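Asker: Could you work out the structure for the sequence below:
(one chain, ligands or ions: 1)
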Amino acid sequence: MTLHSKLEVLLEQANIEAEPAQIEQWVKLVEQLNKWNKAYNLTSVRDPQQMLSRHIIDSLVVGPYLQGSRFIDVGTGPGLPGLPLAILKPECEFVLLDSLGKRIRFIRQVCHELKITNVVAVQSRVEEYLDQATPETDKFDGVISRAFASLSDMLTWCAHLPRENGAFYALKGQYPDTELVELPPEFTLVESHALAVPGVDAERHLIIIKKRG
Ligand SMILES: C[S@@+](CC[C@H](N)C(=O)[O-])C[C@H]1O[C@@H](n2cnc3c(N)ncnc32)[C@H](O)[C@@H]1O
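Answerer: This is a model prediction of the structure:
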């Protein structure tokens with residue numbers, strides 16, 4: 001089965017509607033991940049067919065929960081989940097941030113090749129990116145992360161990034177009971193969702209957290 005047809009099946013199973021041009025961009029993203037993986041050590045998933053479910057669909061299932069128009073993906077690595085989401089939501093702006101230069105160079109190269117215009121890739125430690133004095137317009141409706149840090153560390157390092165009423169979206173494996181007990185007191189869990197990811201047997205959960213009002 002080609003990557004294209006396999007992705008079409010997975011998208012249908014996940015109830016994700018997409019234009020042919022978007023499907024083509026996700027396939028090209030997988031091809032770029034596969035091409036640069038050895039040189040840049042981008043992901044431990046080596047099989048492009050596996051990348052479709054474990055990277056593309058696993059990122060896209062977050063899409064329906066995002067509220068707003070400006071997002072940051074912290075610890076994005078090779079652009080996950082930020083790049084698949086930016087392709088899904090071309091009307092939104094995405095900042096993709098990672099401390100490692102080679103991952104940011106990969107994202108810039110992919111954006112150039114795939115003509116993705118709603119992504120800005122930033123090399124920085126998240127703790128050093130923006131500060132309390134940053135205007136609201138430069139802050140974010142959503143701070144997204146996957147496989148980045150404990151909830152407590154993520155919230156502490158990223159507390160200055162959301163706009164007023166903005167949210168944190170953390171993509172986790174098993175439901176993170178222990179991490180939720182240890183949330184810093186100024187934050188509260190607003191929603192959690194068990195996610196079904198076609199082609200992925202492991203548990204997936206989306207945790208949505210906000211600052212207390
Ligand atoms: C395990 S990888 C996950 C990458 C991607 N989100 C994914 O799901 O495949 C964690 C990433 O976080 C980045 N990272 C770790 N600490 C960071 C920090 N303080 N600021 C920015 N990036 C950081 C690492 O360079 C790495 O690319």
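Asker: Quick check: the gap between the residue nearest the centre of the chain and the ligand.
Answerer: Centroid-nearest residue in the chain, with Cα atoms, centre = their mean: P81, separated by 2.4 Å. Using Cβ to the nearest ligand atom, to the nearest Å, one obtains 7 Å as the distance from P81 to the ligand. C-beta coordinates here come from the backbone N, C-alpha and C atoms, glycine included.
Asker: For the protein, what lies in contact range of the ligand?
Answerer: 75-77, 80, 97-100, 103, 125-127, 146-148 (Cβ under 6 Å from any ligand atom).
Asker: could you flag which of those residues are buried?
Answerer: 75-77, 80, 97-99, 103, 126, 146, 148 (16 or more other Cβ atoms under 10 Å).
Asker: Which ones among the residues you listed map onto helices?
Answerer: Applying DSSP state H to those, the entries found in helices are R103.
Asker: So which of the buried ones among the residues of the chain next to the ligand sit within strands?
Answerer: Per DSSP state E, strands hold the following members of these: 97-98, 146.
Asker: Pairing partners for the strand ranked longest in the chain, with directions?
Answerer: In the chain, with assignment by DSSP E, the single longest strand is strand 162-172. Here strand 162-172 is paired, per DSSP bridges, with strand 140-146 (parallel), strand 204-211 (antiparallel).
Asker: which of these sits most buried?
Answerer: Looking across the strands paired with strand 162-172 with neighbours counted as mean count of other Cβ atoms under 10 Å, the highest average goes to strand 140-146: a mean of 24.
Asker: For the chain, which segments count as helices?
Answerer: So, for the chain - with DSSP H - the helices run 3-13, 20-40, 48-51, 58-60, 82-88, 101-114, 151-158, 177-181.
Asker: on that earlier part again, out of the ones in strands among the buried ones among the residues of the chain next to the ligand, which comes closest to the ligand?
Answerer: Within those, the smallest distance to the ligand is 3.7 Å, found for R146 (Cβ to the nearest ligand atom).
Asker: For that closest one, give me the pLDDT.
Answerer: pLDDT, R146: 98.
Asker: Which residue is the nearest non-sequential neighbour of it?
Answerer: Counting by Cβ to Cβ, 6 or more residues apart in numbering, L171 is the residue found nearest to R146 once chain neighbours are left out, at 4.0 Å.
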